[in-house]
Every structure is written in structure tokens, then in C-alpha cells.
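Engineer: after the sequence you'll find the predicted model.
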Amino acid sequence: MPFWFKPRCPLDTGEKAWTEYRLRWLVDRFGLDLINRVEFLLPEDLWAKPWKGTEAEAQEILDRVCAHMETPRERLSLEFVDDDQLPNAVGHYDYSDWRPTIRIARSQLEDPVALSATLAHEVAHDVLLAGKYQTGNEADLEDVTDLLPTIYGAGLFAANATVRSTNWRSGNWEGWNISKQGYLPSRTFGYAFALLTLFRDECDPPWAERLRPDAAETFRLGLKFLRGGGDTLFHPASYRSDRGDPTPGELLQQLQHASPTFRLAALWDVAEPDAVTVDAVVDCLGDRDPHVAAAAGHRLAELDFIHERGRDELVRRLESPIEIVRLGVIHAVGRLRLSPGESLGILKRLLFHESRAVSLAAVIAVGRFGEEASALAPQLVKALERANVRRDPDAIEAAAKAIWNLVPIPDDLLRDVYAGGDRELYQLARSALRSTRIAGR
């Protein structure tokens with residue numbers, strides 16, 4: 001079949017590769033038998049109608065989720081707290097060797113689907129952390145925790161609760177709110193379910209009818225792609241639980257694989273730097289798939305080993321027109337402090353790039369050069385000013401940290417920049433620098 005008629009994966013390369021890579025990682029640790037024997041939990045398995053929103057009902061859901069995810073219920077304590085005690089979260093897992101505690105925002109009691117998703121996520125934390133499968137410091141800790149319930153058949157609730165809509169009424173006023181919940185989008189769950197269905201050799205699983213539309217569409221298209229011979233890291237015909245870490249030779253082959261998914265996964269697997277492997281990673285900077293090229297930049301930064309061709313290639317690609325590639329390269333150039341004379345000139349222009357992500361990455365990168373970049377300190381003050389005006393806390397913190405890295409005592413710098421200028425902006429900058437210093441930079 002010509003390639004233009006073949007089904008396409010509904011996820012981009014980055015999401016596709018991560019879902020396959022991490023699902024395979026989970027099955028490596030919890031066993032292929034698990035995904036073949038579990039039954040998928042449905043709403044009627046967890047609560048009775050009508051839902052009353054009581055704490056007792058929530059306790060019953062936790063009992064059933066723990067049983068389904070093979071976790072001793074008696075080791076977990078469940079508490080309910082006011083929403084303001086969990087800012088930017090709906091649940092929290094507090095690990096303890098004696099008795100871990102799950103804390104749930106009271107607003108979750110209004111929606112049993114969202115509540116079930118949150119409880120499954122927090123139980124997944126217990127499985128991964130108490131079981132020593134994760135340390136708690138992994139960059140994708142929360143994403144993997146979201147994914148784990150899928151292999152236990154408890155993932156439908158997270159897939160259906162990624163977007164929450166609520167109606168409210170106050171006096172003569174009424175309205176509708178929509179908010180995001182969880183870490184993974186519905187489309188990621190949909191594709192994960194497609195992979196599991198392929199392994200379970202199911203034709204038309206009845207639980208799939210219970211997915212929200214966006215997850216259901218990704219499930220349908222993902223299954224069509226996989227059954228049509230689409231490339232995947234996680235396939236029943238090739239999966240081996242005793243696979244082990246790839247050898248250097250296997251890594252080199254995978255870095256040159258025809259599939260961008262395999263090339264991206266190989267970059268994640270590169271751990272020991274040597275000239276040959278680094279050369280292959282540098283080649284990936286020019287990959288036709290931007291997700292692979294961006295990951296090559298991030299991997300070079302983490303390897304802390306680079307040769308002359310790699311330095312030249314990274315600096316050259318600071319000018320990449322593709323944002324995710326440029327972000328990966330900026331990270332590497334800053335982390336490795338490459339070619340200050342040339343790099344800092346480009347980074348100076350990027351400090352005020354129209355893209356917030358690019359300008360923020362440039363601020364962080366300049367800060368990593370330390371005193372070598374001291375000439376850019378006034379520009380960093382202006383970057384801090386812009387962040388203050390926009391009330392962007394992440395950008396404020398990044399700019400303040402960068403200034404401290406460049407200038408040990410920035411008071412004189414601020415006075416020079418704001419001489420005869422806006423007193424209020426001066427005070428905002430001074431306050432941000434003081435707060436960052438008190439926080440330990």
C-alpha cells in the first residue's frame with residue numbers, strides 16, 4: 001500500500017513515542033499478564049446512583065480502586081481538605097513508610113468521575129513510590145502516574161475527566177465554568193487504550209463506548225494505525241520482557257532508524273557519552289522530525305560531553321525557525337556554556353523574542369553563563385521588567401536568578417538601569433531580586 005494511503009498515528013511524534021515508551025516501561029515492571037487479565041472499571045463499578053457527594057461514598061470508591069489496583073487499602077489514609085489548601089491541585093499523596101495519606105479537595109466530591117480519576121492517580125503514586133519503581137524526582141513523574149491506572153483497567157476516569165465543566169448560580173446570576181484536570185490529555189489516554197487493545201486482541205471492547213469524544217476518536221484512529229502496520233515501540237509481536245538495556249551498537253542502529261519514534265526513543269536511552277554516540281546524537285540535530293531534533297539538543301545537554309562539530313552545530317541551530325528545536329538547542333548551549341562570544345550575541349536577541357517560551361529559555365541560558373555574560377546584565381533587568389509588567393511569576397523568577405548569577409551585588413546595576421526612570425518598576429525589580437535571594441536563589 002502506498003504510504004499516502006496508510007493510516008496515520010493521531011499523535012505527534014513526541015506524544016506517540018512517550019506513550020509507547022512509558023507503557024512498555026510499565027509493562028516491563030508489572031507484567032504482561034496484568035494487561036491481559038484486568039477488567040476495565042466502569043462508573044457503575046465504583047458508585048451507585050444517584051450520587052450524593054458524601055465522604056463515605058468517596059471512601060467506598062477508594063476501597064474499590066485499591067482492590068482493582070492491587071494495593072492494600074488499610075495502608076492508606078484518606079482526608080478531605082478545603083480547595084485553598086491544595087493550590088493548583090485537586091489531590092495530593094503524602095508518602096510515609098508508616099501510613100501514606102491521600103488528601104482530596106472537597107470540590108471533587110461534586111463529580112464522581114473526576115473524584116475517581118484523582119483517587120486512581122493518588123493510588124498510582126503509592127504503587128510507584130512505595131514500590132520503589134520511582135524516586136519522586138523524575139521529570140515525567142506525574143505523567144507516568146496518570147498513565148499507570150490504564151494498565152490496571154482504571155484509566156477510563158482520567159481520560160473522561162481531563163476537562164471538567166460545571167454550572168454555577170448566585171442569586172440572579174448563573175454561569176458555566178470549564179477547567180482542566182490531570183496531567184495527560186485525553187488523546188494520550190485514547191492512544192494508550194489502543195495499544196492495550198492491540199495486546200489484548202480485542203475487536204470491539206464495550207468499555208470504549210464510554211470514552212469522551214476526543215479520547216474515543218484517538219482510540220479509533222490509533223487502533224486503525226496500529227492494525228494497519230504502523231510503527232510502534234510496543235507491539236505484541238516484538239515485545240520482550242527480558243529485553244535489557246540496548247548495547248552501544250543497537251543504540252546507533254536505532255538512532256538511524258527509519259521511524260522517528262525509534263530515533264526519539266533511542267535518544268532517551270543514550271546514557272554513556274562517547275565520541276561515536278555523541279556524533280550520532282549531533283546528527284539528530286538535523287533530523288527532519290522536529291521532535292527528534294529538539295530531543296537531540298536536550299540529550300547533548302544532559303550528556304555533558306561535546307566535541308567541536310557538536311559545538312558548532314548547536315550554536316548554528318540557535319537560529320532554527322522551528323520553536324521546539326530552538327528550545328532544545330538553547331537549553332544545550334546554556335547548560336554546556338558553549339562558545340560565549342558567538343552564543344551570547346544570539347541569546348541577547350532572543351531575550352525579547354515574541355515567543356514567551358523562547359525568551360524564557362534564553363533568560364535561563366544566559367544566566368548559566370555566569371560572569372561570562374555580565375555584559376548582558378542590563379538586558380536581563382529589562383527582561384525582569386517585562387516579566388513584572390506581565391505578572392509572569394515563572395519569568396520573574398528566572399530573570400531574577402539569572403541576574404544574581406551574573407552580578408553578585410545587583411543594587412548598583414538596578415540604580416544604573418533605572419536612573420531617572422520609573423520608580424515603581426525599580427521597586428518591583430528590587431523586590432523580585434530580594435525575594436529570589438531569600439528563597440536561596
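Structural biologist: Arrived safely.
Engineer: mind listing what A293 touches?
Structural biologist: C284, L285, G286, D287, R317, S320, I322, I324, V325, G328 (Cβ atoms under 8 Å, 6 or more residues apart in numbering). The C-beta positions use only the backbone N, C-alpha and C, and glycine is treated the same way.
Engineer: now do 10 Å
Structural biologist: Counting by Cβ atoms under 10 Å, 6 or more residues apart in numbering, A293 makes contact with 260, 263-264, 267, 284-287, 317, 320, 322, 324-326, 328-329.
Engineer: same question, E308
Structural biologist: Neighbours of E308 in contact, by Cβ under 10 Å, 6+ apart: none.
Engineer: follow-up on the earlier one: which of the contacts of A293 are buried?
Structural biologist: Among the contacts of A293, those buried by neighbour count (16 or more other Cβ atoms under 10 Å) are 260, 263-264, 267, 284-285, 287, 317, 320, 324-326, 328-329.
Engineer: domain parsing for this protein?
Structural biologist: 3-227, 248-438 (automatic domain parsing).
Engineer: before we move on, what SS does the closest residue to R430 other than its chain neighbours have?
Structural biologist: Once flanking residues are discounted, R430 sits nearest to L414: 5.9 Å by Cβ to Cβ, 6 or more residues apart in numbering. At L414 the chain is in helix, as set by DSSP: H, G, I helix; E, B strand; the rest coil.
Engineer: from what I see, L414 and L384 are in contact.
Structural biologist: Yes: using Cβ atoms under 10 Å, L414 is in contact with L384, at 9.4 Å.
Engineer: so for the two, which sits in the more crowded spot?
Structural biologist: L384 (28 against 21; other Cβ atoms under 10 Å).
Engineer: tell me the contacts of that one?
Structural biologist: 363, 395-400, 402-403, 410, 414, 417, 425, 428-429, 432-433, 436.
Engineer: what stretches of the stretch 201-350 of the chain score poorly on pLDDT?
Structural biologist: The model of the stretch 201-350 of the chain has no residue with pLDDT under 70.
Engineer: which parts of it are helices?
Structural biologist: Assigned by DSSP state H, counting those that start in this stretch, the stretch 201-350 of the chain shows helices spanning 213-227, 248-255, 260-269, 275-284, 290-303, 308-316, 323-336, 340-350.
Engineer: same list, the ones you listed, but as JSON lines with distance to P205 please.
Structural biologist: Putting those into JSON lines (distance: least, Cβ to Cβ, whole Å) gives the following:
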{"stretch": "helix 213-227", "distance to P205": "9"}
{"stretch": "helix 248-255", "distance to P205": "32"}
{"stretch": "helix 260-269", "distance to P205": "24"}
{"stretch": "helix 275-284", "distance to P205": "37"}
{"stretch": "helix 290-303", "distance to P205": "30"}
{"stretch": "helix 308-316", "distance to P205": "46"}
{"stretch": "helix 323-336", "distance to P205": "34"}
{"stretch": "helix 340-350", "distance to P205": "48"}
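Engineer: residues near A89, how many?
Structural biologist: A89, neighbours per other Cβ under 10 Å, totals 13.
Engineer: could you check how far it is from T162?
Structural biologist: The spacing between A89 and T162, counted by Cβ to Cβ, to the nearest Å, is 15 Å.
Engineer: with R29 instead?
Structural biologist: R29 is 25 Å from T162, by Cβ to Cβ.
Engineer: look at those two and report which has more neighbours.
Structural biologist: T162 (22 against 15).
Engineer: surely P149 and V127 touch.
Structural biologist: Yes: P149 sits in contact with V127 when judged by Cβ under 10 Å, with a separation of 9.2 Å.
Engineer: in terms of neighbours, single out the busier of the two.
Structural biologist: P149 (27 against 20).
Engineer: so I104 sits in a strand?
Structural biologist: Yes: the assignment for I104 is a strand, going by three-state DSSP.
Engineer: which residues are contacting stretch 50-61?
Structural biologist: 43, 45-48, 73, 78-80, 104, 106-113, 115-116, 118-120, 157.
Engineer: on that earlier part again, what residues are up against the residue nearest to R430?
Structural biologist: A377, P378, V381, L384, I403, V407, L425, Y426, Q427, A429, R430, L433.
Engineer: returning to what we had before: so which of the contacts of stretch 50-61 are in strands?
Structural biologist: Among the contacts of stretch 50-61, the ones falling in strands (DSSP state E) are L78, E79, F80, I104.
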